[in-house]
Each structure stands twice: as C-alpha cells, then as structure tokens.
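J.: Sequence and predicted structure are below.
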Amino acid sequence: MDIPNLQSQVQAQLDELAGKIREAEESLMRLKENFLKVQGAKEMLNIVAAEENKTLTDQEVSPDQTSSATAD
C-alpha cells in the first residue's frame, strides 16, 4: 500500500472539491443578487401600475362629478 500516493490523491480531491464549492457559492451569490434585482423591479412595476390605475380612476371620476354637480 502506497500511503504517500493515497495521501496525495486525497489531498488533490479535497482541493478540487474545495474549488468547486467556492465556485458554486459565488454562482449562488450572483443568482441571489439577480433574483433580488428582478424582485425589486417587479415591486416597482406593481407600484407604478397601482399609481397609474389610481390616476386613471381619478380622471374618470372627476368629469362625472363635475357634470353631475352642474346638472343639479
């Protein structure tokens, strides 16, 4: 049994796996950052859409209120 050779192989595997873990963690971090950016964009779009709907609703209500007030 060649212990030094086995130790060398095991160390090489450890180094390779440690490198893969680092790469995976970096990739996961980038994915999380992108997820948060897209989630923020979605929230902003919801806010803009709500404001736009409110503005449209206010514009639709205003002419009716004005014409009904003058009709009385």
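T.: That came through, no problem.

J.: ok, which stretches of this structure are helices?
T.: Using DSSP state H, the helices of the chain run over 3-71.

J.: Output the below-cut-off pLDDT ranges for it.
T.: 63-72 (pLDDT under 70).

J.: if I look at Ala12, how far off is Ala50?
T.: Between Ala12 and Ala50 the distance is 57 Å, computed by CB to CB, to the nearest Å. In short, each C-beta sits where N, CA and C put it, glycine included.

J.: let me redo that: Leu17
T.: Distance from Leu17 to Ala50, counting by CB to CB: 49 Å.

J.: ditto for Phe35
T.: For Phe35 relative to Ala50 (CB to CB), the value is 23 Å.

J.: Let me see the backbone angles for Asp2.
T.: phi -100, psi 90 (degrees, to the nearest 10).

J.: For it, give me its contacts.
T.: The contact partners of Asp2, taken as CB atoms under 8 Å, 6 or more residues apart in numbering, number zero.

J.: Count the residues that sit near Met44.
T.: For Met44, the neighbour count with other CB atoms under 10 Å is 10.

J.: Could you measure from it over to Lys37?
T.: Note on Met44: its distance to Lys37, by CB to CB, is 11 Å.

J.: next one: Leu45
T.: 13 Å.

J.: Also Asn5?
T.: Relative to Lys37, and taking CB to CB, Asn5 is found at 49 Å.

J.: One more: Leu28?
T.: Taken as CB to CB, the span from Leu28 to Lys37 is 15 Å.

J.: now Asp2
T.: 52 Å.
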